[in-house]
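1. give me coordinates for this.
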Amino acid sequence: VVVVVQVEVVVEFVLVVLVVLVQIVLVDSEEVVVVLVVHESRFVH
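-> Residues are numbered from 1 along each chain as shown. Purely as a prediction, here's the structure:
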């Protein structure tokens, strides 16, 4: 269980990093907001 939780945390961290990189590269705030909304929705469920 602990290992699974650690993996989940790593996955979440990687997704956040990817979103940040996308924002830096594309400089497209709207797109980043959409990604964050989708990410938050998935996280909640």
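2. buried residues, the helix or strand encompassing Val20. List them.
-> Secondary structure assigned from DSSP states H and E places Val20 in helix 2-26. By neighbour count, with 16 or more other Cβ atoms under 10 Å as the criterion, the buried positions of helix 2-26 are Val19, Gln23. C-betas here are computed from N, CA, C, even on glycine.
3. by contact count, what packs against that helix?
-> Contacts defined by 3 or more Cβ pairs under 8 Å, 6 or more residues apart in numbering; DSSP states H and E place helix 2-26 against helix 29-44.
4. what is the rounded mean pLDDT of the helix it packs on?
-> Helix 29-44 shows a mean pLDDT of 59 in the predicted model.
5. what's the neighbour count on Val27?
-> 9 (other Cβ atoms under 10 Å).
6. check contacts around it.
-> Applying Cβ atoms under 8 Å, 6 or more residues apart in numbering, we find Val27 in contact with no residue.
7. where's it relative to Val5, distance?
-> Val27 sits 34 Å away from Val5, going by Cβ to Cβ, to the nearest Å.
8. please apply the same query to Leu21.
-> The gap separating Leu21 from Val5 is 25 Å, by Cβ to Cβ.
9. can you tell me how far His3 is from Leu21?
-> Not quite, residue 3 is Val, not His. Note on Val3: its distance to Leu21, by Cβ to Cβ, is 27 Å.
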